[in-house]
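**Q** mind looking at a prediction? Sequence and model below.
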Amino acid sequence: MAKEYKMTLEKLEELKRELHYLRTQRADEVNNKLKEARSFGDLSENSEYDEAKNEQGKLYSRIQELDNILENAVIVSDADLPTDRVSVGSRVLLQYGDDEPEWITVVGSQEADPRRGKISDESPLGRAIIDGKVGQKVSFHSPAGVQECTILEIQ
């Protein structure tokens, strides 16, 4: 079974736009670089050609990755979100010991941005709180060691 990529409709549209850009404008740019590099002569000692081929490989790799993500995308909407347990899309208030409580949003791996409080459901914290309920204490491994927090609220 293929891996599912949970995301919002907005993220899906963003990835579609990126894929379109890569297949059209970016592919043309890379192909032009390759043509120009070939014109420099001997390909065995042509660093511009090697660089352009590497860039082309990265481009095709990203296109393939996006195709796979879009093919296996699962849209998460606010209407589908339970409020009695944590799921992808939930906004969760967490309490770490005596620290000030903090809000995080559980998102799919494609939307994760920890600096903005968007935590992947595949991260150690995300895995620990998924399906959690208000009042539940969870622990997880982080670079700083084992962390513990309590789920205070789910929206």
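**A** All right, it came through fine. It should be emphasised that the depicted structure is a prediction, and the values quoted were computed from it without experimental measurement. Residues are numbered from 1 along each chain as shown.
**Q** what is the three-state secondary structure of residue 94?
**A** strand (DSSP: H, G, I helix; E, B strand; the rest coil).
**Q** residue closest to the middle of the chain?
**A** residue 110 (1.8 Å; C-alpha atoms, centre = their mean).
**Q** nearest residue to that one other than its sequence neighbours?
**A** residue 7 (5.3 Å; C-beta to C-beta, 6 or more residues apart in numbering). Quick note: C-beta positions are derived from backbone N, CA and C, even for glycine.
**Q** could you measure from residue 120 over to residue 48?
**A** According to C-beta to C-beta, to the nearest Å, residue 120 and residue 48 sit 38 Å apart.
**Q** I'd guess the residue nearest to the centre of the chain is in a helix, am I close?
**A** Yes: counting by three-state DSSP, one finds residue 110 located in a helix.
**Q** isn't it right up against residue 15?
**A** Yes: Residue 110 is in contact with residue 15 according to C-beta atoms under 8 Å; the separation is 7.0 Å.
**Q** overlap of the contact sets of those two?
**A** 7, 69 (C-beta atoms under 8 Å, 6 or more residues apart in numbering).
**Q** show me what the residue nearest to residue 110 is bridged to.
**A** Listed beta-bridge partners, residue 7: residue 75 (assigned using DSSP bridges).
**Q** burial of it, as a residue count?
**A** 24 (other C-beta atoms under 10 Å).
**Q** output the contacting helices and strands for the longest strand along the chain.
**A** Counting by DSSP state E, the longest strand found in the chain is strand 145-154. In this structure, strand 145-154 packs against strand 91-95, helix 124-129, strand 137-142, with contacts taken as 3 or more C-beta pairs under 8 Å, 6 or more residues apart in numbering; DSSP states H and E.
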